[in-house]
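> What shape does this take:
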Amino acid sequence: MNVVGIDTNVLLRALLNDDSVQSPAARRFLSKLTPTEQGFVGVPVILELFWVLRTRYQLPRNELSQTLFELLEAGSLIFEDFDTIVRCLSMFEEGNVDFSDAVIAERHHGQGCARTVTFDRNAARDLASMELLT
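A predicted model of the protein is given here:
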């Protein structure tokens with residue numbers, strides 16, 4: 001099996017169809033991926049993708065979570081820490097939890113951290129494993 005890493009901008013161009021040259025190239029590349037030639041999407045790529053769609057393109061919460069869930073279902077893509085990403089996206093979709101804060105807390109917990117200290121009051125309030133540092 002051959003695996004190719006995919007950068008955020010490739011996914012953005014394919015999802016947004018906002019560039020007359022890069023968008024078709026991104027969609028062509030993604031459409032050629034197969035079970036023996038898969039694309040790899042790392043956690044930093046997912047976080048950046050989320051951030052750009054949320055801040056620059058101002059996608060509403062429901063549209064943003066739906067877009068990312070659809071991407072996660074793509075059979076020719078491998079996602080780093082898939083289960084954590086799905087869990088955190090579900091928390092974002094269901095409540096007032098910030099996606100990136102959830103990813104930080106969940107990944108730290110997965111590495112054996114009893115808690116994650118933060119100055120972010122909302123994260124400390126919304127995530128049980130986050131503790132406000134005072």
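> May I have the beta-bridge partners of Gly5?
Under the criterion DSSP bridges, Gly5 forms beta bridges with Phe40.
> In contact with it, which residues?
Under the criterion of CB atoms under 8 Å, 6 or more residues apart in numbering, the neighbours of Gly5 are 39-40, 42. The way it works is simple: take the backbone N, C-alpha and C, and place the C-beta from them, glycine included.
> Over to Ala26?
Residues near Ala26 by CB under 8 Å, 6+ apart: 10-11, 13-14.
> Sticking with it, tell me its helix or strand.
helix 22-31 (DSSP states H and E).
> re earlier: closest to Arg27 among the contacts of Gly5?
Gly39 (12.5 Å; CB to CB).
> And that closest one, how far from Asp81?
Distance of Gly39 to Asp81, given as CB to CB, to the nearest Å: 16 Å.
> related to what we said a few turns ago, point out the ones among the contacts of Ala26 that are inside helices.
Using DSSP state H, the members of these that fall in helices are 10-11, 13-14.
> And those residues, which two are furthest apart?
Leu11 and Arg13 (7.5 Å).
> Which residue, other than its chain neighbours, is closest to the residue positioned nearest the centre of the chain?
Residue closest to the average C-alpha location in the chain (CA atoms, centre = their mean): Ile46, at 2.9 Å. Distances taken as CB to CB, 6 or more residues apart in numbering place Ile85 nearest to Ile46, at 5.7 Å, with adjacent residues excluded.
> now swap in Leu68 and tell me
What sits nearest to Leu68 in space, not counting adjacent residues and going by CB to CB, 6+ apart, is Leu89, at 5.6 Å.
> For the one you found, what is the enclosing helix or strand?
Here Leu89 is assigned to helix 82-94, by DSSP H and E.
> and for the next helix or strand after that helix, what are the contacting residues?
Going down the chain from helix 82-94, the next helix or strand is helix 99-110, by DSSP H and E. Helix 99-110 is contacted from outside by 43, 46-47, 50-51, 81, 84-85, 87-89, 91-92, 116, 118, 120, 122-123, 126-127, 129-130, using CB under 8 Å, 6+ apart.
> now stretch 74-94
Contacts of stretch 74-94 (CB under 8 Å, 6+ apart): 3, 6, 30, 33-35, 37-43, 46, 61-62, 65, 68-69, 71-72, 97-99, 102-103, 106-107, 110.
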